[in-house]
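S.K.: Turn this into a structure:
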Amino acid sequence: MSWYLESMKSLLSEADARWLRAVWAPAVVGVPPSDALRSLCVMPDGEIRAYGERDKTTVRGGSGEAIYLASRDCGLSWKAYPVPPGALGASVRSPYSGKYISLRNVTGGDAPGLYVFSSAVGPDDTAPARRRIDPSVYQVILPPVAMVSRRRWLCPMHFVDERRHYHPVIAISDDDGESWTLRHLPAAPDHTVSGAHRGLRWQNSGAEPCVAEMPDGRLMLLARTSLDVLYVYESFDGGDTWTEGAPSDFHATLTTPAFLRLSDGRVVLFWCNTQPLPELDHTAQRPLMPPSAVSGLAEDVFTNRDANHAAVTADGVHWEGFREVFLSEIRHRADFRTCGGAVSSADKSVHQFQALELPYGKILLAFGQHEISRRMVIFDADWLTEKTRREDFSRGLDGVSTHVYVKSISGTALYWKQRPGHCAWNRTYGALLVPDPDETWGEVLQICRIHDPRLVSETQGAVWNFPAARRGTVTIEMRVGGAGVAVSLTDRWYNVIDETVRAEAPFSLPLDRTRLAPDVWHTVRIRFDTARGTAAVDSDGAPLGTFPIRADAPHGLCYLHLQSPAGEPDGVGTYIRSLAMQSEDAPDEAAQNHDEEAAK
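M.R.: Numbers count the residues shown, from 1 in each chain. Got it, this is the predicted structure:
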């Protein structure tokens, strides 16, 4: 069991314990005071802290007051305190000695480089010991991880070489943080102009890695790339040697992953299981983009940072969940670039993560960058393994993505002028809730096409997540009034305007007037089986056919993507009354074993 769980539990009142036990799906409990990567910290008595700044006035640099938020009820409530000048701050307590450790860069003075800071006092120590590890400066240094199977620390980070290639790096200590050795891992491949791409992405060839000790004893390191997947590196000897790196099964582009190993041995992965839009021809974009962005040395725009996800494994091989933990609450904002002002971070994403295990099987997760979009949530780890989900829009559009993009400035120009708007496009709603045409006093989702020259694309749609399954049934209650919809089942989030989904998705089928009688409601069921490679479709019980699943989905399907195929304005489109999914997967043997152990 994690050392701090009993300490945390001892701080809970009876009422707080009831509240915490009752949490199931992700519930927002706070706003962290900094980008979520390395700010969370646990004190010996179980108090949780989140370090950062408040009252920042500029996009770049530390311009605010150093503070920490403290929670003495397992994250249910928080109070702000000032940080004493020079204090160690966010750090990790050693399970071996009880001292606190943090690896950081020192960039000023006569001896810059990578340092280890340590203290037997803890985060409040204003004179922690420090020792230089390496004269080079490293980037995105995550909190060190103590291994379970041996007395060893691991600390992931990355290094940028003279060619601007990003290399994953692991720092290793076998003497409780006194001395460290560095393992530089090979860079992942660069992005190239191919397929649907007309330009280069920002080249990240192995940045911002995370590492975890898997239940089977392997070490797994995942690194951010410019490709469509995270790159995976493995070690079978505790980190002494590593594989060369390969594409993983986890889709992600230019976003940061994070691991959390639970006290029962399960491992949770947090990442953005999202597909950005294909790159445009950057030489033809207006306003003109800087040469660095055109050549792939700088950012242009992020269209995949509005949803984040989690999956869990009990054996290191089979993963369950692939669930949306959070959809950005500002994803539809027409002033997305400037909302929130020029404070905190310039990026309004919900990527970047740090997590802590809480008592009663709960998880505290901090994520996001700009204060208008970053959050702390609590959820139950077993929520990831649910087998069903349903959406009837009774909570509005909270559970689906429908946003479309407004033509906007690309790149970092405003960021360098100390203004918000970093690599983002403004947005607006595409598909909307409208009165049910049957006058039921209910509202339904209308997916159509409205002419608006301000938009990047006039295509509308909706994207809905469900627990990943290799075999299951997706049910859509729908009514075709205009051009119908293209229905796709995928293993990742796609933008609603991304028409490549119809060719890339494991399953895609047009549902229009040729298959469904217009202007009446139909219940369409798609029974999919990725092992057999088939999807059987029926409408109101009448078979529409059995269709192939065209692409591999090693962990199953987890998204329904609905998109208008109309090439011209279609003001009626298609109405959606409800969505449902039922998994028919048999429980994994590893999951069964975990349940049996938990019962004991």
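S.K.: going forward, measure contacts between C-alpha atoms and count neighbours the same way
M.R.: Fine.
S.K.: so where do the helices sit in the protein?
M.R.: Along the chain, counting by DSSP state H, helices occupy 5-10, 14-22, 291-294, 413-416, 501-504, 589-599.
S.K.: Can you point out the buried residues in the top strand by length along the chain?
M.R.: Determined from DSSP state E, the single longest strand within the chain is strand 570-583. Using 16 or more other Cα atoms under 10 Å as the test for burial, strand 570-583 gives 570, 572-583.
S.K.: quick one: pLDDT of residue 35?
M.R.: What the model reports as pLDDT for residue 35 is 88.
S.K.: In contact with residue 7, which residues?
M.R.: Residue 7 is in contact with 44, 45, 46, counting by Cα atoms under 8 Å, 6 or more residues apart in numbering.
S.K.: ok, which stretches of the stretch 351-500 of the chain are strands?
M.R.: Taking DSSP state E, counting those that start in this stretch as the criterion, the stretch 351-500 of the chain contains strands spanning 353-357, 362-367, 375-380, 388-391, 403-405, 427-429, 432-435, 443-449, 461-469, 471-480, 485-490, 493-494.
S.K.: Quick one: mean pLDDT for the first one?
M.R.: I take that to be strand 353-357. On average, strand 353-357 scores 98.
S.K.: For that strand, name the packing helices and strands.
M.R.: Strand 353-357 sits against strand 40-42, strand 258-261, strand 362-367, with contacts defined as 3 or more Cα pairs under 8 Å, 6 or more residues apart in numbering; DSSP states H and E.
S.K.: That one pairs with which strands, and in what direction?
M.R.: The strands beside strand 353-357 in its sheet (DSSP bridges) come out as strand 362-367 (antiparallel).
S.K.: got a list of contacts for the partner strand?
M.R.: By Cα under 8 Å, 6+ apart, strand 362-367 touches 20-21, 23, 32, 35-37, 75, 350-358, 374-381.
S.K.: okay, the angle between that strand and strand 375-380?
M.R.: 160 degrees (axes from the mean of the first three to the mean of the last three Cα atoms, to 10 degrees).
S.K.: buried set for strand 362-367?
M.R.: 362, 363, 364, 365, 366, 367.
S.K.: and which of the residues you listed is nearest residue 229?
M.R.: Nearest to residue 229 among the buried residues of strand 362-367 is residue 367, at 19.9 Å by Cα to Cα.
S.K.: Tell me, what's the model's pLDDT at the closest one?
M.R.: On the pLDDT scale, residue 367 gets 98.
S.K.: Can you show me the strands along the stretch 51-200 of the chain?
M.R.: Going by DSSP E, counting those that start in this stretch, the stretch 51-200 of the chain shows strands at 65-71, 79-82, 92-93, 100-106, 113-119, 129-134, 145-146, 153-160, 166-173, 181-184.
S.K.: closest one to residue 228 among those strands?
M.R.: Checking the strands of the stretch 51-200 of the chain against residue 228 by Cα to Cα gives strand 166-173 as the closest, at 16.4 Å.
S.K.: tally of neighbours for residue 514?
M.R.: Applying other Cα atoms under 10 Å, we find 9 other residues in the vicinity of residue 514.
S.K.: That one and residue 485, how far apart?
M.R.: 12 Å (Cα to Cα, to the nearest Å).
S.K.: got it, and residue 48?
M.R.: Separation of residue 48 from residue 485 (Cα to Cα) stands at 48 Å.
S.K.: still on that earlier bit, can you redo the helices and strands packed on strand 353-357 as CSV with distance to residue 285?
M.R.: As requested, these are exported to CSV (distance: least, Cα to Cα, whole Å):
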stretch, distance to residue 285
strand 40-42, 40
strand 258-261, 34
strand 362-367, 31
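S.K.: about what we covered before: quick one: closest of the strands of the stretch 51-200 of the chain to residue 333.
M.R.: Taking Cα to Cα, strand 65-71 is the member of those nearest to residue 333, at 28.4 Å.
S.K.: got a pLDDT number for the residue lying closest to residue 135 once chain neighbours are set aside?
M.R.: Once flanking residues are discounted, residue 135 sits nearest to residue 113: 4.1 Å by Cα to Cα, 6 or more residues apart in numbering. At residue 113, the pLDDT value in this model is 96.
S.K.: and the closest residue in space to residue 396 that isn't next to it in sequence, what does it touch?
M.R.: Leaving aside its sequence neighbours, residue 396 sits nearest to residue 433 (Cα to Cα, 6+ apart; 7.6 Å). Neighbour list for residue 433: 396, 397, 443, 444, 445, 446 [criterion: Cα under 8 Å, 6+ apart].
S.K.: just to revisit the earlier point, can you tell me which helices and strands the longest strand of the chain packs against?
M.R.: Using 3+ Cα pairs under 8 Å, 6+ apart: strand 570-583 touches strand 388-391, strand 443-449, strand 461-469, strand 471-480.
S.K.: so which of the ones you listed comes closest to residue 187?
M.R.: Among the helices and strands packed on strand 570-583, the nearest to residue 187 by Cα to Cα is strand 461-469 (30.3 Å).
S.K.: which stretch in the helices of the chain is the model least sure about?
M.R.: helix 589-599 (a mean of 47).
S.K.: Poorly predicted segments of the stretch 401-550 of the chain, please.
M.R.: Counting by pLDDT under 70, the low-confidence segments of the stretch 401-550 of the chain come to 415-416, 418.
S.K.: and residue 456, how many neighbours?
M.R.: 15.
S.K.: Pull up the gap between it and residue 410, please.
M.R.: Residue 456 is 12 Å from residue 410, by Cα to Cα.
S.K.: go on, residue 24?
M.R.: 39 Å.
S.K.: Of those two, which one has the most company?
M.R.: residue 410 (24 against 16).
S.K.: Quick check: bridge partners of the residue nearest to residue 396?
M.R.: Each beta-bridge partner of residue 433 is listed here, defined by DSSP bridges: residue 445.
S.K.: follow-up on the earlier one: isn't the residue nearest to residue 135 up against residue 130?
M.R.: No: contact between residue 113 and residue 130 fails when scored by Cα atoms under 8 Å: they sit 11.7 Å apart.
S.K.: if we can go back for a sec, the longest strand of the chain pairs with which strands, and in what direction?
M.R.: strand 388-391 (antiparallel), strand 443-449 (antiparallel), strand 471-480 (antiparallel).
S.K.: Let me see the contact set for residue 77.
M.R.: Contacts of residue 77 by Cα under 8 Å, 6+ apart are 29, 30, 71.
S.K.: try 7 Å
M.R.: 29, 71 (Cα atoms under 7 Å, 6 or more residues apart in numbering).
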